[in-house]
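**Q** quick check, what structure comes out for this input:
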Amino acid sequence: MSGAAGAVRLTVVVPPGAGGDERLEEALDALTASWVEAPGGRLHVWVSPDDAATARDALASAGLPVEAELLEPPRDWIAESAALRRAVAVGELLLDPHDGPLATAAGSRRRLHLPAERAFGTGSHESTRLALRLLRPEVAAGRRVLDVGCGAGTLALAARVRGASWAAGLDIDVDAPFAARANARRNGVAGAAFLAGPVEALGAAARFDLVVANMLQEEVVPLLPGLARLVAPAGELVTSGQLAAREEEFLGVLRAHGFRPVELASEGEWLASRSTRG
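**A** Next up, the predicted model:
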């Protein structure tokens, strides 16, 4: 267990045979606390600064004297985790979670800055890379593209950069359009719209030359009837995020909904497909 941001860490001496965990649980029952074993028959206990004095007294009364006390500074765990992320190159694109000094030099590639925020990805997952491999410039160029389950808008933005005439992103997460629009602004990508809602929210006349869906098989299969309606005649569907071990099963489902798989790609356990309608 680890301490909370801005927590006080108490180093507690546990007498031999004292049953430290049981005593701690009883002594700190009324407080929010966590602890872990430390060398030398000691325990590190974390409590909030407001509870530190109460915790010291309760521990002393339980025969667990506090040997040392340290106020740990607040830590931005999200920022620290994001700092460990690396840029990913897919074809002529560089998906970079960082900007400024941490940014990766793009060289001849087109850099898309996609920071980790709002719990959305940065394009580094295998399924996103697979979708981008199938969403090549010659596939996207001049087409109207819909990114279903768009999250931060990575695939819709990539489609526009690769020559799509227009792109839209749709997600049932109400935070997704805000994250995607922010990414469009920071990367100077125009001609892309993002909205929240189910597939059924799109008008009956809505048609797209290319629909992209990066989601698990259990998520995308129920959407296939709606996606078949949205794909224009002679249009295409790109899916990613299905398990390679279930390839034949998934391809059969695609065919049953009027799609004809024409290209497959895989990476690790993940499968992606590009299919024509009819």
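**Q** select the longest strand from this structure.
**A** The strand that spans the most residues within the chain, counting by DSSP state E, is strand 231-243.
**Q** mean confidence score for the next helix or strand after it?
**A** As assigned by DSSP states H and E, the chain's next helix or strand after strand 231-243 is helix 247-256. Across helix 247-256, pLDDT averages out at 97.
**Q** with just CA atoms, put helix 247-256 into PDB.
**A** The C-alpha coordinates for helix 247-256 follow below in PDB (Å, rounded to 0.1, in the frame of the first residue of the first chain):
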ATOM      1  CA  GLU A 247     -10.400 -14.200 -35.800                       C
ATOM      2  CA  GLU A 248     -12.600 -16.600 -37.700                       C
ATOM      3  CA  GLU A 249     -15.500 -16.000 -35.300                       C
ATOM      4  CA  PHE A 250     -15.300 -12.200 -35.700                       C
ATOM      5  CA  LEU A 251     -14.900 -12.400 -39.500                       C
ATOM      6  CA  GLY A 252     -18.000 -14.600 -39.700                       C
ATOM      7  CA  VAL A 253     -19.900 -11.900 -37.700                       C
ATOM      8  CA  LEU A 254     -18.800  -9.200 -40.100                       C
ATOM      9  CA  ARG A 255     -19.900 -11.200 -43.100                       C
ATOM     10  CA  ALA A 256     -23.300 -11.900 -41.500                       C
END
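**Q** tell me which residues in that helix are buried?
**A** Phe250, Leu251, Val253, Leu254 (16 or more other CB atoms under 10 Å). For every residue, glycine as well, the C-beta is placed using N, CA and C.
**Q** could I get the contacting residues of the residue nearest to the first one when sequence neighbours are not counted?
**A** This points to Phe250. The spatial neighbour of Phe250 that comes closest, neighbours along the chain excluded (CB to CB, 6 or more residues apart in numbering), is Gln242 at 4.9 Å. Neighbour list for Gln242: Leu216, Gln217, Val220, Phe250, Trp270, Leu271, Ala272, Ser273 [criterion: CB atoms under 8 Å, 6 or more residues apart in numbering].
**Q** hmm, 6 Å instead?
**A** Going by CB atoms under 6 Å, 6 or more residues apart in numbering, Gln242 touches Gln217, Phe250, Leu271.
**Q** show me what it is bridged to.
**A** Taking DSSP bridges as the rule, Gln242 bridges to Leu271.
**Q** any idea how far it is from Arg136?
**A** Look at Gln242 and Arg136: by CB to CB, to the nearest Å, they are 19 Å apart.
**Q** ok, now Ala30?
**A** 61 Å.
**Q** between the two, which has more neighbouring residues?
**A** Arg136 (16 against 10; other CB atoms under 10 Å).
**Q** which pLDDT value goes with that one?
**A** Per-residue pLDDT puts Arg136 at 92.
**Q** for Ser108, phi and psi?
**A** The phi/psi pair for Ser108 (degrees, to the nearest 10) reads phi -90, psi 0.
**Q** count of neighbours near it?
**A** 6.
**Q** now it, nearest residue through space, not along the chain?
**A** Distance criterion CB to CB, 6+ apart; nearest residue to Ser108, sequence neighbours excluded, is Glu92 at 7.5 Å.
**Q** any idea how far the one you found lies from His44?
**A** 50 Å.
**Q** so which of those two has more stuff around it?
**A** The residue with more neighbours, out of Glu92 and His44, is His44; 18 against 13, by other CB under 10 Å.
**Q** is that one in a helix, a strand, or coil?
**A** Look at His44: counting by DSSP: H, G, I helix; E, B strand; the rest coil, its state is strand.
**Q** distance of the residue nearest to it when sequence neighbours are not counted from Asp173?
**A** Distances taken as CB to CB, 6+ apart place Ala38 nearest to His44, at 4.9 Å, with adjacent residues excluded. According to CB to CB, Ala38 and Asp173 sit 41 Å apart.
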